[in-house]
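J.: pasting a predicted model and its sequence here:
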Amino acid sequence: MKKIIIILSVALILATTGTSGFGLSFFQIYIAAPLLLSILLLLIKTKNSKLNQIVSCAGLFSAILALQPYYSAYTYTGSDGQVALIYVAMPFYQLAFMAVVAFIAWGTTPSTER
């Protein structure tokens, strides 16, 4: 399961940063931050690894949902200058979603330390 999440996360990082068209910069790292966090959570060894796996799956799920707005912003041909703001707002929403899932999962998963 870990390898599948890592492979899909790397594929989504390449797809997401490829649609931004800004070259390698801090901005692309910001766009890929939820997926990088998902990979990092899988690689960290903790006592409650189930929580890390749940949060990384939530990050992967949010990245899959965000791929469509990224692609539509990349292929937009109109004259609206605010369409590129999706690249600023979407990573924040993804990280907020991951935080909510982490809080819920932390409260519902049983602790292994007793």
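T.: On my side now, so go ahead. Owing to the predicted nature of the structure, the values given are computational and were not obtained by experimental measurement.
J.: any idea how far residue 2 lies from residue 69?
T.: Separation of residue 2 from residue 69 (Cβ to Cβ, to the nearest Å): 28 Å. Where you see a C-beta, it was placed from the backbone N, CA and C, and this is true even at glycine.
J.: again, but for residue 84
T.: The separation that residue 84 has from residue 69, given Cβ to Cβ, amounts to 11 Å.
J.: let me see the contact set for residue 52.
T.: Counting by Cβ atoms under 8 Å, 6 or more residues apart in numbering, residue 52 makes contact with 41-42, 44, 46.
J.: helix or strand right after the helix or strand of the chain with the lowest mean pLDDT?
T.: Lowest on mean pLDDT, DSSP states H and E among the helices and strands of the chain sits helix 2-20, with a mean of 77. Next along the chain after helix 2-20, taking DSSP states H and E as the criterion, comes helix 26-31.
J.: mean confidence for that following helix?
T.: Average pLDDT, helix 26-31: 79.
J.: now stretch 64-78
T.: The average pLDDT for stretch 64-78 rounds to 84.
J.: tell me how far that stretch lies from the chain's centre.
T.: 16 Å (Cα atoms, centre = their mean, to the nearest Å).
J.: longest helix of the chain?
T.: Longest helix in the chain, counting residues (DSSP state H): helix 49-74.
J.: now do the contacts for the closest residue to residue 63 other than its chain neighbours.
T.: Distance criterion Cβ to Cβ, 6 or more residues apart in numbering; nearest residue to residue 63, sequence neighbours excluded, is residue 12 at 4.6 Å. Neighbour list for residue 12: 35, 60, 63-64, 67 [criterion: Cβ under 8 Å, 6+ apart].
J.: follow-up on the earlier one: okay, buried residues for the longest helix of the chain please.
T.: Neighbour-count burial for helix 49-74, with 16 or more other Cβ atoms under 10 Å as criterion, is recorded at 51-60, 62-63, 66, 70, 73-74.
J.: what does stretch 2-22 give?
T.: Residues 5-6, 8-9, 12-13, 16-17, 19-20 are the ones in stretch 2-22 that count as buried (16+ other Cβ under 10 Å).
J.: got CSV for those residues, with distance to residue 103 too?
T.: Shown next, in CSV, are the buried residues of stretch 2-22 (distance: Cβ to Cβ, whole Å):
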residue, distance to residue 103
5, 20
6, 24
8, 24
9, 21
12, 24
13, 25
16, 25
17, 28
19, 30
20, 29
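J.: right, I'll leave it there.
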